[in-house]
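[1] here is my input, please return the structure:
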Amino acid sequence: MEFLIAAISLGFLGSFHCVGMCGPIAMALPLGRETQFKRIAGTLLYNLGRVTTYGVFGLLFGLLGKGFVIGGYQQGLSVVLGVLILLTLLFPKQLNSETRLTKVILPLVSKVKSLLGNLFKRTSYPSLYLIGVLNGLLPCGLVYLGVAGAIATGEAWKGSLFMMVFGLGTLPAMFFVSMASSAVSLDWRNKIRRAVPVFVGLMAFVLILRGLNLGIPYMSPELSKTDCTKHSCCHKK
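    This is a model prediction of the structure:
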């Protein structure tokens, strides 16, 4: 399934962005002075928490995408999502300015950060898992890109699987950061963060290409008239 290849590629290549953005959380996990086995188990539980949240996101947004498929708008949706992602790259300041949506999100983010602060005071396995769950709720451009991919799958289960595989793709880099935090310098993380927009732009281009119906296998498959109508609820009796 090509959508799984896209998901793990997005997660793995984009995980360098995670190192820059979420690295501080991963490096500050309350692992204490446990044995190496317990540190590994705790780190995996933290990442499993992130994957859980991503899976729920994928389920919800995949279900949203299914509505576009039924209406025959999947290709148009793919183009629109790609264009929106490009706009966020070209006009970041304008799109990050204070809006009504920002006013709604900021209190929620503050609440999540407060809960994270309380969990960091504990060293139990459930706490580490919940830190990962809450970490997945924090605003992240890479996750938004993953959500766009989940919507484009056009199915709830595909969207959920897409986001979980995306999360697993970020696991190697995030695991390394948690286990060897001293080896990841601030300068290195900043360099990686600056390279991320290039990758995001490529993904946006792929989404646009996918919706143009050019007949290119995997990249821009041609949607036949049969495909356009097979989801229609209007059937001849």
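
[2] okay, which residue is most central for the protein?
    residue 143 (2.6 Å; Cα atoms, centre = their mean).

[3] so what's that residue up against?
    54, 57, 136 (Cβ atoms under 8 Å, 6 or more residues apart in numbering). For the C-beta atoms, the positions are set from N, CA and C on the backbone; glycine is no exception.

[4] who touches the first one in this structure?
    I take that to be residue 54. 136, 143, 146, 163-164, 166-167.

[5] where's the nearest residue to residue 136 once chain neighbours are set aside, which helix or strand?
    Of all residues not flanking residue 136 in the chain, residue 53 sits nearest, at 2.8 Å (Cβ to Cβ, 6 or more residues apart in numbering). Here residue 53, judged by DSSP states H and E, is contained in helix 36-70.

[6] next SSE downstream of that helix?
    helix 74-90.

[7] okay, buried residues for that following helix please.
    74-75, 77-82, 85-86, 88 (16 or more other Cβ atoms under 10 Å).

[8] reformat those as JSON lines; add pLDDT and distance to residue 11.
    Below are the buried residues of helix 74-90 laid out as JSON lines (pLDDT from 0 to 100; distance: Cβ to Cβ, whole Å):
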{"residue": "74", "pLDDT": "73", "distance to residue 11": "23"}
{"residue": "75", "pLDDT": "77", "distance to residue 11": "24"}
{"residue": "77", "pLDDT": "79", "distance to residue 11": "22"}
{"residue": "78", "pLDDT": "80", "distance to residue 11": "19"}
{"residue": "79", "pLDDT": "86", "distance to residue 11": "23"}
{"residue": "80", "pLDDT": "85", "distance to residue 11": "23"}
{"residue": "81", "pLDDT": "81", "distance to residue 11": "18"}
{"residue": "82", "pLDDT": "81", "distance to residue 11": "19"}
{"residue": "85", "pLDDT": "79", "distance to residue 11": "16"}
{"residue": "86", "pLDDT": "83", "distance to residue 11": "21"}
{"residue": "88", "pLDDT": "77", "distance to residue 11": "19"}
